[in-house]
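Trainee: any chance you could fold what I've pasted below:
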Amino acid sequence: MFFEDVAVGDTVEYGSVEVSREEVLEFARRYDPQPFHLSDDAAAMTPFGKIAASGWHTAAMVMRLMVDKLISEGFATLGSPGVEGIEWHKPVFPGDTISARSGVVEKIESRSKPFMGIVKSEVTVTNQDGDIVMTSRPIMMVARKPSA
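Mentor: Numbers count the residues shown, from 1 in each chain. Prediction:
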């Protein structure tokens, strides 16, 4: 799939992943060692009430879902110059199952790099109860169809 194959309004379902306690602890120990990500006792003293996944861990799990889907469908991604925003709306806990979907909100033809275009999307991540836990607005560079 190339830039020309994408239309504003297109949606993609990325699938889901179950959040394990072991991965929450491993990620937190390595990248976000705040006590409420690592300790039941410390987490009990916070608004979370129990160990919660790092928001960055949630973002990383969603990234994996997205990449797996895009690669399996032959999407001609060339990387990303960034994300316009990311919000964590509710905590993600061990045992939760999160699902991600996106919708294309804008396409921009590159003037300086005619071999690619920019695709902006809105990503919504929900838990097993349908609660929105995270949203983001990634920007993707996507290859144009090769000239014949």
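
Trainee: disregarding residues adjacent in the polypeptide, which is nearest to the spatially most central residue of the chain?
Mentor: Centroid-nearest residue in the chain, with Cα atoms, centre = their mean: Val62, separated by 3.5 Å. In this structure, Val62 finds its nearest non-sequential neighbour in Ala100, 4.8 Å apart by Cβ to Cβ, 6 or more residues apart in numbering. In short, each C-beta sits where N, CA and C put it, glycine included.

Trainee: can you give the contact residues for the helix or strand hosting the one you found?
Mentor: Ala100 belongs to strand 97-109 when elements are defined using DSSP states H and E. The contact list for strand 97-109 (Cβ atoms under 8 Å, 6 or more residues apart in numbering) reads 3, 6-19, 58, 61-62, 65-66, 92, 117-128, 133-134, 137-138.

Trainee: show the buried residues in those.
Mentor: Applying 16 or more other Cβ atoms under 10 Å to these, the neighbour count classes 3, 6, 12, 14, 16-17, 19, 58, 61-62, 65-66, 92, 117-127, 133-134, 137-138 as buried.

Trainee: now, those that are in helices?
Mentor: 58, 61-62, 65-66 (DSSP state H).
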